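Give me coordinates for this.
(chains A, B, C and D)
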2 protein chains.
Amino acid sequence: MQDLEDELAKQLWAIGDVTRLRILRMLPDSANCEHGNNVSQIAEKLGLAQPTISHHLRVLRQAGVVQHKKMCRDCFYWVDRDAAKDIIERLGQLLGGDESVEVLGL
Amino acid sequence: MQDLEDELAKQLWAIGDVTRLRILRMLPDSANCEHGNNVSQIAEKLGLAQPTISHHLRVLRQAGVVQHKKMCRDCFYWVDRDAAKDIIERLGQLLGGDESVEVLGL
DNA sequence: CAAACGTATAGATGAATTTATATATTTAAA
DNA sequence: TTTAAATATATAAATTCATCTATACGTTTG
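Numbers count the residues shown, from 1 in each chain, chains lettered A, B, ... in the order given. Next up, the predicted model:
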C-alpha cells in the first residue's frame, strides 16, 4: 500500500509539470510511430533544447507513464495506456470517494 | 487553453506528493466535519509538525483541490468534489486519448 | 572510413520546495 | 481579563529541480 502510494505520487508529480504536460499532449496513445514526433521535433515545437526534452521524457519513462522505442535513428515515445488507466482509477478512488467508482464506471 | 493547462499542472503537482497524498486520504469528500480530522490531528497521525501540515493544506487549497471551513477553534478540510471531477476528466482526455471518454463514461 | 544526425548523459547554475523553529493571530475557557 | 489551544505566517537551512552547454555514443549516409 505504501509502495502504491509512492508510485502514484511519483506518477502524478511527473505529470504535474507544464512542460511535461505539453509533451504528453504531443504523444500518441499507442506505439504508432507514423503520427509521432521524435525528440528533436518535440524540442523544436516547444522551443526548448533537445536535452531538456530528453530529460523530461526520462522522468515520464521512469514514472512508467510513457513507453519508447528506437526506430532507426529516432526515438518515439507514446503514452502507456495501462499505466494511464491505473493512474486515473487510483486518482478517482482517492479524490472522489465512493462516487468516483460511479463516475469511472468501474 | 493555456490557463487550463497551467491549472491542471498545478493541481496534479499539488497532489503528486506523498505527504499531501496521505493528507488527502484522511479528508472526507464533503464538508462533513463529523468525520473529519482537524489540522493537529492530521499532524499527529502522520507524525509531522502542525505547521508542516498547515503548509501542505495551503498548497492543496491554493491549487483548488480542497476546501476548508473554520468550526469553533478548529479548521476542517475536505476534498472539492467538483475540482476532483474536473481533474479526473481532463487527465482522462489527456492520457487516454479518445478511449478515456469511454472509460470515464462521460 | 568519415561526416552528419539523433539521442542520452554530465556538469553547472539559478530557482523552487520541504521541513522545522519561532512568532503572530484568533478563539474558547477559567 | 488572563490563559491556553489551534492555526497561520515568516524565516532559514538543506535539498531538489529545470534548464542550459558541452560532450559522448550509436546509427545512417556519402
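
With adjacent residues omitted, what lies nearest to A:Arg61?
A:His68 (6.3 Å; Cβ to Cβ, 6 or more residues apart in numbering or on different chains). Where C-beta positions appear, they are placed from N, C-alpha and C, glycine not excepted.

is the helix or strand hosting the one you found up against DNA strand C anywhere?
Secondary structure from DSSP states H and E places A:His68 in strand A:66-71. Yes - Strand A:66-71 lies within reach of DNA strand C by Cβ under 7 Å from any atom of the strand, at A:His68.

For that strand, give the mean pLDDT please.
Averaging pLDDT along strand A:66-71 gives 89.

Over to stretch A:53-63?
For stretch A:53-63, the mean pLDDT works out to 94.

Might you enumerate the residues of chain A proximal to chain B?
A:5-6, A:8-18, A:21-22, A:24-25, A:28-29, A:65, A:79, A:81, A:84-85, A:87-88, A:91-92, A:94-100, A:103-105 (Cβ under 8 Å from any Cβ of the partner chain).

In contact with A:Leu21, which residues are there?
Contacts for A:Leu21 (Cβ atoms under 8 Å, 6 or more residues apart in numbering or on different chains) come out as A:Ile15, B:Glu5, B:Leu8, B:Ala9, B:Leu12, B:Leu94.

what does A:Ile87 give?
Taking Cβ under 8 Å, 6+ apart as the test, what A:Ile87 contacts is A:Leu8, A:Gln11, A:Leu12, A:Ile15, A:Val65, B:Leu91, B:Leu95.

Please identify the buried residues of the helix or strand hosting A:Asp86?
Using DSSP H and E, A:Asp86 falls within helix A:81-96. Buried positions in helix A:81-96, judged by neighbour count with 16 or more other Cβ atoms under 10 Å in any protein chain shown: A:81, A:83-92, A:94-96.

Would you quantify the distance from the residue nearest the centre of chain A to A:Ile23?
Among the residues of chain A, the one closest to the centroid is A:Val65, at 3.7 Å (Cα atoms, centre = their mean). Using Cβ to Cβ, to the nearest Å, A:Val65 is found at 10 Å from A:Ile23.

element containing A:Gln11, please.
Going by DSSP H and E, A:Gln11 is part of helix A:2-15.

now the angle between strand A:66-71 and that helix, please.
60 degrees (axes from the mean of the first three to the mean of the last three Cα atoms, to 10 degrees).

got the angle between helix A:2-15 and helix B:81-96?
80 degrees.

Next secondary structure element downstream of helix A:2-15?
Next helix or strand after helix A:2-15 toward the C-terminus (DSSP H and E): helix A:18-26.
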